[in-house]
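**Student:** Provided below for reference: sequence and predicted model.
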Amino acid sequence: DAKTTQPTSMDCAEGRAANLPCNHSTISGNEYVYWYRQIHSQGPQYIIHGLKNNETNEMASLIITEDRKSSTLILPHATLRDTAVYYCIVRVSPNAGGTSYGKLTFGQGTILTVHP
Amino acid sequence: NAGVTQTPKFQVLKTGQSMTLQCAQDMNHEYMSWYRQDPGMGLRLIHYSVGAGITDQGEVPNGYNVSRSTTEDFPLRLLSAAPSQTSVYFCASSYSSRAARAGNTIYFGEGSWLTVV
């Protein structure tokens, strides 16, 4: 699995957009980019994922560069409840065959602090 | 629909004792896995399964056994607990469908806090 690099921590003012970057320069063609977050000591929560096109859902937007070597998670209007550790993960698609899609490799993540 | 359920939530063991962490999901997911998370660290994969009767090792499998006799359950066994196994354990599950892009989402349980003294 490709490794990811994220900043250790970021701050954001409540109501403003939070932009969390992730580098995945060794990503291969059959790997998706996933974002999860972990609030306090709860189980990780799925946010969004994508392959090469930008994606948007009710929680966030995901912008993937054309060369797929980096991506940005955007929380459009951050709230205090968005304070969490955010993990950027690359994961092999099940379409690649085998069972390696089952392996998620978590890095250290980015500690996002949203302040009033 | 209860999602991914882990039991117990908290457990204290003495060194050398054995125990089983239970994980059950009611979403008919083929894929299930176990992770451990040490303080200030990301999650590390212990074992995973892509279906009943099929298991494989992850990044840190030593000291742990798993089996998958049913689709719903994926227990994690510690045969002889060691202080190094003090951690928070998370179970996760997802579909394995190659056709369902949305089915790639992995859902996590709320965690089991294990202390080995």
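**Tutor:** Structure's in. What do you need?
**Student:** just give the closest residue to A:S71, not the sequence neighbours.
**Tutor:** Closest residue to A:S71 apart from its sequence neighbours, by CB to CB, 6 or more residues apart in numbering or on different chains: A:I64 at 4.6 Å. All C-beta spots, glycine's among them, are computed from the backbone N, C-alpha and C.
**Student:** quick check, that neighbour in contact with A:W35.
**Tutor:** No - in this structure A:I64 lies outside contact range of A:W35 using CB atoms under 8 Å: 11.1 Å.
**Student:** what's near enough to touch the residue most central in space within chain B?
**Tutor:** By CA atoms, centre = their mean, chain B has its centre lying nearest to B:W34, at 2.5 Å. Each residue near B:W34 by CB atoms under 8 Å, 6 or more residues apart in numbering or on different chains is listed here: B:21, B:23, B:45-48, B:58, B:64, B:66, B:74, B:76, B:89-92.
**Student:** what of A:G50?
**Tutor:** Residues in contact with A:G50 (CB under 8 Å, 6+ apart) are A:32-33, A:62, A:64, A:71.
**Student:** let me know the closest of those to A:T56.
**Tutor:** Compare each of those with A:T56 using CB to CB and the shortest gap goes to A:L62, at 7.5 Å.
**Student:** quick one: strands adjacent to the helix or strand hosting the closest one?
**Tutor:** With elements delineated by DSSP states H and E, A:L62 resides in strand A:61-64, which encompasses its position. Each strand paired with strand A:61-64, and its direction, by DSSP bridges: strand A:55-56 (antiparallel), strand A:70-75 (antiparallel).
**Student:** what mean pLDDT does the longest one have?
**Tutor:** Which is strand A:70-75. When pLDDT is averaged along strand A:70-75, the result is 97.
**Student:** look up how far B:L114 lies from B:L21.
**Tutor:** Look at B:L21 and B:L114: by CB to CB, to the nearest Å, they are 7 Å apart.
**Student:** quick one: the strands in chain B, in order.
**Tutor:** When assigned using DSSP state E, the strands of chain B occupy the ranges B:4-7, B:10-13, B:19-25, B:31-37, B:43-51, B:54-57, B:64-66, B:76-78, B:87-94, B:107-108, B:112-116.
**Student:** of all those, which one comes closest to A:E55?
**Tutor:** Short answer: strand B:87-94, nearest of those by CB to CB, at 17.8 Å.
**Student:** just to revisit the earlier point, from the contacts of A:G50, pick the one nearest A:P7.
**Tutor:** Distance to A:P7, by CB to CB, is smallest for A:S71 among these, at 13.3 Å.
**Student:** quick one: B:A81 from A:G43, how far?
**Tutor:** Counting by CB to CB, the separation of B:A81 from A:G43 is 22 Å.
**Student:** just checking: what are the partner strands of the host helix or strand of A:L112?
**Tutor:** Using DSSP H and E, the element containing A:L112 is strand A:110-115. Strand A:110-115 sits in its sheet next to strand A:9-13 (parallel), strand A:84-92 (antiparallel), going by DSSP bridges.
**Student:** which stretch in those strands is the model least sure about?
**Tutor:** Ranked by mean pLDDT, those end with strand A:84-92 at the bottom, a mean of 90.
**Student:** so, low pLDDT: which residues of the chain?
**Tutor:** No chain in the question, so chain A it is. Within chain A, the stretches falling below the threshold (pLDDT under 70) are A:1-2, A:93-102.
**Student:** wrong one, chain B
**Tutor:** Where chain B drops into low confidence, which here means pLDDT under 70, it does so at B:1-2, B:96-104.
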